[in-house]
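Kindly return the folded structure for what I paste below:
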Amino acid sequence: MTDFKSFILALLVVVFWGINFSVIKFGLMEIPPLLFSGIRFFIVAIPAVFFVPFPRTPFCNVVLVGFFLGIMKFSLLFLAMASDASAGVSSLIIQAQVIFTILLSVLFFNERLTRFQIMGILLACGGFALFFVASDGSASIYGIILLLTAAIFWSLANIVMKRAGQVNLLHFMVWVSLIPPLPLFILSYIFETSTPFSLLFETTEKAWFAMIYVGYVSTLLAFALWGWLMVNYPVANVAPFALLIPLVGIIGANVLLGEQLKQIELLGGGIILLGLAISVLGQMIFDHIKGKKRQNSQPL
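Numbers count the residues shown, from 1 in each chain. From the prediction side, this is the model:
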């Protein structure tokens, strides 16, 4: 990515998504997780669906992504972050979706694993294992299981979106956001609070800021920018920026929430990021070096 403006936009998306985990924590201090998740998608969908055309994809793709991503992934993420996982750890563990997406692509699209993907997956799994060893730290075992399950549902949504092909990502996310609110509001009414309106009237400006940020900034704006980058640049140039999200998430949680990871968690996080980097970038770097060597070996 040689365009400086686009480079800055990519970093801006990384910051939006990295800080998002700390902002979610602010909201969860006052709003129960299912209700918070439902409101997040409601404010994205309404009134935008009245002005945004339906994306050029079958309706079932919108419903499936709405279920996997909106109802399951974010509900499990918010439930974990409510009491069982810190913002920094959540931003890291949820990136297991990269591994699950690669494995599901092998299953559904008959893609072959490269040696770098196998090496990276094994390395990242070793890093995740360290968090179970340090389960008395920034996340409980229950919280880690919730986050890994959320990552699985995120990867399922990725598979559906891959099957959907080239669609306007902003339009797609607006209509996807119409699916989760009603089921989440019903579940919240049954399991969390029977007086949601009273609760919302009592929330502070910080909680309302969290809902607005998570809805409009980290969802609509960030996805629109990310989609534009994906359309205008090779995926291989854009996707690696996502590896910076956990770093921003951990730093943001430290600055905004005062969270600190234990040494074993920092070691596990470093191993996970290294494994993800090898999975995503290993083959591309190897091919680039091999091409350079071949070019240099050619006679003048």
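
Would you tell me what the next helix or strand after the lowest-mean-pLDDT helix or strand in the chain is?
Between all helices and strands in the chain, the lowest mean by mean pLDDT, DSSP states H and E belongs to helix 235-238, at a mean of 68. As assigned by DSSP states H and E, the chain's next helix or strand after helix 235-238 is helix 245-257.

model confidence over that next one, on average?
Mean pLDDT, helix 245-257: 92.

shouldn't residue 277 be in contact with residue 120?
Yes: counting by CB atoms under 8 Å, residue 120 is a contact partner of residue 277 at 7.2 Å. Every residue, glycine included, has its C-beta placed from N, CA and C.

In terms of neighbours, single out the busier of those two.
Between residue 277 and residue 120, counted using other CB atoms under 10 Å, the more crowded position is residue 120 (26 against 17).

now residue 25, nearest residue through space, not along the chain?
residue 87 (4.8 Å; CB to CB, 6 or more residues apart in numbering).

Contact partners for the one you found?
21, 22, 24, 25, 81, 249, 252, 253, 256, 257, 259 (CB atoms under 8 Å, 6 or more residues apart in numbering).

Can you say which of those are buried?
Buried members of the contacts of residue 87, scored by 16 or more other CB atoms under 10 Å, are 21, 22, 24, 25, 81, 249, 252, 253, 259.

Which residues lie in contact with residue 117 in this structure?
Contacts of residue 117 (CB under 8 Å, 6+ apart): 102, 278, 279, 282, 283.

same thing but 10 Å
By CB atoms under 10 Å, 6 or more residues apart in numbering, residue 117 lies in contact with 98-99, 102-103, 105-106, 111, 275, 278-280, 282-283.

Looking at the buried ones among the contacts of residue 87, which is nearest residue 66?
Checking the buried ones among the contacts of residue 87 against residue 66 by CB to CB gives residue 24 as the nearest, at 19.3 Å.

Other residues contacting stretch 52-70?
By CB under 10 Å, 6+ apart, stretch 52-70 touches 37-38, 40-41, 44-45, 72-73, 150, 152-161, 163-181, 183-184.

Okay, and which of these map to helices?
Among the contacts of stretch 52-70, the residues falling in helices (DSSP state H) are 37-38, 40-41, 44-45, 150, 152-161, 163-164, 169-176, 181, 183-184.

Put together CSV for the buried ones among the contacts of residue 87, with distance to residue 8 on each row.
Listed next are the buried ones among the contacts of residue 87 as CSV, based on distance: CB to CB, whole Å:
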residue, distance to residue 8
21, 22
22, 22
24, 25
25, 27
81, 29
249, 20
252, 18
253, 23
259, 27
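
tell me the phi and psi of residue 85?
phi -150, psi 140 (degrees, to the nearest 10).

who's in contact with it?
When contacts are counted by CB under 10 Å, 6+ apart, residue 85 touches 21, 25, 77, 79, 91-94, 131, 138-140, 142-144, 146-147.
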